[in-house]
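Undergrad: Sequence below, structure please.
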Amino acid sequence: MNGESVRRRKFFLNAVKIFVILAFCFAALPAVQAMASGNGQLKIKDPSLKENEPLSYVLMERAANDPIHSGALLEQAIRVSPDFPPAYFSLAAMDLRDFPNGLLSGLYYGVEGFKAYGRNWWWAMNLSGLLTFALVWSFFISLAVTAALRLSKEFPLLRHDISEDRRHFFLFLVPAIGAFFGPIFFLASVFLLLGLYFQKRDRVLVYLVMIFFAFVPYLSGWAESVYHVATPGMRAVVAVNEGTDNSLALDALGGRRDFDGLFSYGLAAGRAGELSDAIAAYSAAIDVRKDPRAYINLGNCYYLLGEPDKAGQLYQTSVGIRPGAAAYFNLARISRDQLDYEKGDELYKQAVSIDPARVSRFMSMAGGNENSPGGKVMDESLGMRDFYSLFENIHRGVEASSVGLYPPLLAPAAVLLAVFFLFYVKKGGVKAFRCSRCGKILCERCEKELYWGRMCSDCYRSLVKIEVLDPKKRVARLLKIHGGQLKRSALIRALGFAPPGIAYIYGGNILQGMLMLWGFLFFLMAALLNPLFTVGLAALDHAWLNYAAAAGIGLLYILSFAGIRRRQGREWL
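TA: Below you'll find the model as predicted:
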């Protein structure tokens with residue numbers, strides 16, 4: 001093969017390689033566009049946004065698959081999205097694994113992660129909904145378990161009182177009325193009847209139950225609303241104002257005529273360079289509400305169009321309504337553009353005096369395009385208070401359907417039941433009780449003489465008045481009491497391995513037992529529901545909550561075992 005043929009062959013091979021590379025690039029173009037649009041993959045930072053959560057997701061995934069560079073990748077995730085809680089907690093967990101060297105840095109990132117919740121509405125709302133849901137339903141379950149455990153103990157006492165005095169039969173009207181409000185309130189009514197026979201310290205639990213049920217419509221409605229809040233409009237408003245996305249607002253808010261929708265659409269249009277659309281939206285928003293933030297952003301549009309005088313008038317109007325750092329900062333920018341540096345410095349100092357942190361952060365972001373958060377003028381945006389106001393509109397619609405047919409009557413019904421309970425206990429309506437030694441049911445009507453220590457006559461003669469009882473009968477009685485106590489003690493020790501609080505409730509320390517059981521179920525439900533409460537979080541959950549729940553459950557088990565052992569040593573059980 002001569003040299004000419006070799007050169008031709010090499011040229012042909014190189015041409016084929018170039019063709020293959022170009023074909024691959026064109027084939028991959030849709031995937032690249034999808035990544036750039038933020039569909040779960042890496043995308044280029046839009047300079048008009050202050051947050052880049054899609055990139056943070058990708059960086060966190062890379063950190064999980066690259067232990068060597070995980071620290072640097074997580075730190076980069078925090079830089080591109082400083083209000084993104086999972087990145088902080090992932091870095092905190094990584095540092096805490098390097099104990100004790102990483103203890104301080106791990107605690108620092110953990111604290112910063114909790115601070116990020118205060119700046120990220122979706123994550124804060126999601127966490128509040130998750131914890132509220134776990135709080136409410138763990139209370140219902142703990143109440144049902146407590147009632148089931150005490151039913152065999154207290155119901156015979158009620159039956160004994162009714163057999164002695166038929167007038168007590170009307171007590172069964174209480175759960176009948178409670179059933180009118182639904183099964184949950186029926187459970188509370190049954191618990192109230194059982195509570196009539198609780199010890200004095202445990203009756204506090206009945207009032208706690210009534211107070212809790214008075215607030216059930218608000219608590220359960222709040223938790224349920226989290227699932228209904230992730231509408232396109234709500235997501236668009238939050239995304240554009242928190243600086244995580246503009247395109248969603250442009251698509252979803254075009255037809256909105258309320259202030260929040262118009263303001264958010266104007267913010268997205270301005271960042272996209274559509275200043276005429278932004279001016280129209282802000283002007284319409286001002287017609288709805290004379291909000292100083294709308295005047296500032298409208299002034300920014302005219303500033304970017306090269307009309308500083310009109311922009312300055314709008315900033316002054318904003319200051320007249322409510323002085324703000326953004327208005328003074330932008331007025332300072334106009335003065336400096338007009339070479340009036342002395343006035344510009346004075347206005348800048350006023351901006352710093354109102355909100356130094358915001359001015360500092362804005363200046364650190366300087367260098368972006370003119371309509372970006374780091375550009376020439378400072379934009380205003382809606383905040384947490386505005387988001388909660390929008391959420392309240394959704395919450396009110398959900399609240400009425402979350403607890404039954406008559407939620408407005410639940411609070412007064414709970415108050416009436418609490419008053420009835422207090423009156424009935426004070427008047428001594430119930431008389432029956434159990435012997436503290438053998439468990440026999442007694443009352444003032446069937447027992448001619450009530451003895452010290454709430455004991456029946458047989459136990460009293462066996463333990464106190466030993467001279468009036470035949471020795472054989474006394475020994476047999478003592479053996480029977482001791483055998484019953486041994487069985488009860490063994491059962492309670494076995495119940496110690498059940499969820500914390502079960503043994504306490506069965507043993508008679510109902511208040512402490514139910515509070516422990518409530519805490520255990522709260523931690524358990526929070527951990528189990530954590531992967532399900534991911535609305536608006538791109539399938540991420542609150543990973544730190546699983547560790548907190550495990551620690552809480554472990555602590556409750558330790559306290560439960562220690563309490564059972566100590567109290568059995570003192571003959572409490």
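Undergrad: Helices of the stretch 1-150 of the chain, residue ranges please.
TA: 3-36, 53-65, 70-80, 85-97, 103-117, 121-164 (DSSP state H, counting those that start in this stretch).
Undergrad: hang on, I meant the stretch 351-500 of the chain
TA: Assigned by DSSP H, counting those that start in this stretch, the helices in the stretch 351-500 of the chain fall at 356-364, 384-399, 407-426, 457-463, 471-495.
Undergrad: re the thing from before, hey, which of the helices of the stretch 1-150 of the chain is tucked in deepest?
TA: Each of those was scored by mean neighbour count; the highest is helix 85-97, a mean of 22, by mean count of other Cβ atoms under 10 Å. No exception for glycine: its C-beta is placed from N, CA and C like everyone else's.
Undergrad: Mind giving me the packing neighbours of it?
TA: On a contact count with 3 or more Cβ pairs under 8 Å, 6 or more residues apart in numbering; DSSP states H and E, helix 85-97 meets helix 53-65, helix 70-80, helix 103-117, helix 543-569.
Undergrad: wait, which of those helices is closest to residue 278?
TA: Closest approach to residue 278 among those is made by helix 53-65 (23.8 Å; Cβ to Cβ).
Undergrad: Measure how that closest one sits relative to helix 121-164, angle-wise.
TA: 80 degrees (axes from the mean of the first three to the mean of the last three Cα atoms, to 10 degrees).
Undergrad: and residue 431, how far is that from residue 55?
TA: Shown here: residue 431 relative to residue 55, a distance of 72 Å by Cβ to Cβ, to the nearest Å.
Undergrad: I misspoke; the intended subject was residue 245.
TA: Distance of residue 245 to residue 55, computed by Cβ to Cβ: 12 Å.
Undergrad: and if you look at residue 207?
TA: As judged by Cβ to Cβ, residue 207 and residue 55 stand 52 Å apart.
Undergrad: pLDDT at the residue nearest the centre of the chain, what is it?
TA: Nearest to the geometric centre of the chain sits residue 128, at 1.9 Å (Cα atoms, centre = their mean). Residue 128 carries a pLDDT score of 82 in this model.
Undergrad: now do residue 45
TA: 44.
Undergrad: so is the nearest residue to residue 150 once chain neighbours are set aside in a helix, a strand, or just coil?
TA: Spatial nearest neighbour of residue 150, excluding adjacent residues (Cβ to Cβ, 6 or more residues apart in numbering): residue 194 at 5.2 Å. Following DSSP: H, G, I helix; E, B strand; the rest coil, we place residue 194 in the helix state.
Undergrad: In contact with residue 194, which residues?
TA: Residue 194 is in contact with 147, 150-151, 154-155, counting by Cβ atoms under 8 Å, 6 or more residues apart in numbering.
Undergrad: just these now: which is nearest residue 340?
TA: Each of the contacts of residue 194 was scored against residue 340 by Cβ to Cβ, and residue 147 proved nearest at 75.9 Å.
Undergrad: Ignoring the adjacent residues along the chain, who's closest to the closest one?
TA: Closest to residue 147 by Cβ to Cβ, 6+ apart is residue 191, at 5.0 Å.
Undergrad: Run a quick neighbour tally on that neighbour.
TA: 26 (other Cβ atoms under 10 Å).
Undergrad: Helix or strand for it, just tell me which one.
TA: Using DSSP states H and E, residue 191 maps to helix 183-195.
Undergrad: ok, which stretches of the stretch 201-350 of the chain are strands?
TA: Ranges of strands within the stretch 201-350 of the chain: none, based on DSSP state E, counting those that start in this stretch.
Undergrad: For it, give me the ranges with low pLDDT.
TA: Low-confidence segments of the stretch 201-350 of the chain, defined by pLDDT under 70: 220-230.
Undergrad: how about 90 then?
TA: 201-204, 206-258, 260-261, 271-273, 337-339, 341 (pLDDT under 90).
Undergrad: now the residue nearest to the centre of the chain: how far from residue 384?
TA: Note on residue 128: its distance to residue 384, by Cβ to Cβ, is 12 Å.
Undergrad: count of neighbours near residue 173?
TA: Taking other Cβ under 10 Å as the criterion, the count of residues near residue 173 is 10.
Undergrad: gap between it and residue 193?
TA: According to Cβ to Cβ, residue 173 stands 10 Å off from residue 193.
Undergrad: again with residue 236
TA: Taking Cβ to Cβ, one finds residue 236 at 51 Å from residue 193.
Undergrad: cool, and residue 207?
TA: Separation of residue 207 from residue 193 (Cβ to Cβ): 15 Å.
Undergrad: Please parse this structure into its domains.
TA: As given by automatic domain parsing, the domain ranges for the chain are 1-36, 53-119, 432-495.
Undergrad: If you tally nearby residues, what's the number for the nearest residue to residue 415 once chain neighbours are set aside?
TA: In space, and not counting its chain neighbours, residue 415 is closest to residue 214: 6.8 Å by Cβ to Cβ, 6+ apart. Number of residues near residue 214 (other Cβ under 10 Å) recorded here: 17.
Undergrad: so who does residue 214 touch?
TA: Counting by Cβ under 8 Å, 6+ apart, residue 214 touches 410-411, 414-415.
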